[in-house]
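1. just coords:
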């Protein structure tokens, strides 16, 4: 990613932050993230879901092929040790707000909603952009 893209994204986010409330920004970015989700991956995950006896079995099977999905305590999380978003992972920390990570939240929602055929909730708990040590999204099925 070149400097122009970085400047464009940071300028966009600064403009949104000055003119739009954070909940609206989060919804906009969620919609952007949904567009990044691959239909072929959704289809693959839907197939796993359809062959599973229940939601727990589905998540266990999915965790075997998608290394970022983890069971912790009684919940399931997508955890990234680094930012994988090619749009922003080269932007220095502190130049973007963690609200940007609602894009990844939308990616995860599109995946699970597409696989299960119903609405799900994904909660952003941590963000590397916000100076956390990892990105963490709780999957609420």
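-> Nice, thanks for sending it over. Computed from a prediction, not measured in an experiment: that's the story for all the values here.

2. For residue 118, the count of nearby residues, please.
-> The tally of other residues near residue 118 (other C-beta atoms under 10 Å) stands at 8. Quick note: C-beta positions are derived from backbone N, CA and C, even for glycine.

3. Then residue 39?
-> If we define neighbours as other C-beta under 10 Å, then residue 39 has 9 of them.

4. could you list every residue that touches it?
-> By C-beta atoms under 8 Å, 6 or more residues apart in numbering, residue 39 lies in contact with residue 114.

5. Please enumerate the strands of this structure.
-> Along the chain, counting by DSSP state E, strands occupy 69-72, 75-80, 121-126, 135-140.

6. any idea which of those strands scores lowest on pLDDT?
-> Among the strands of the chain, strand 69-72 has the lowest mean pLDDT, at a mean of 91.

7. picking that back up, TSV please, covering the strands of the chain and showing mean neighbour count and distance to residue 114.
-> Below are the strands of the chain laid out as TSV (neighbours: other C-beta atoms under 10 Å; distance: least, C-beta to C-beta, whole Å):
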stretch	mean neighbour count	distance to residue 114
strand 69-72	14	15
strand 75-80	18	15
strand 121-126	17	13
strand 135-140	20	13
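
8. Kindly reformat these as TSV and extend each row with distance to residue 11.
-> Compiled in TSV, the strands of the chain are given as follows (distance: least, C-beta to C-beta, whole Å):
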stretch	distance to residue 11
strand 69-72	34
strand 75-80	25
strand 121-126	23
strand 135-140	23
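
9. Let me know which of the ones you listed is the nearest to residue 93.
-> strand 135-140 (12.8 Å; C-beta to C-beta).

10. Mind checking the strands of the chain for the one nearest to residue 13?
-> strand 121-126 (15.7 Å).

11. Longest helix in the protein, please.
-> Longest helix of the chain, by residue count under DSSP state H: helix 3-19.

12. how long is stretch 92-100 from one end to the other?
-> The first and final residues of stretch 92-100 sit 14 Å from each other (C-alpha to C-alpha, to the nearest Å).
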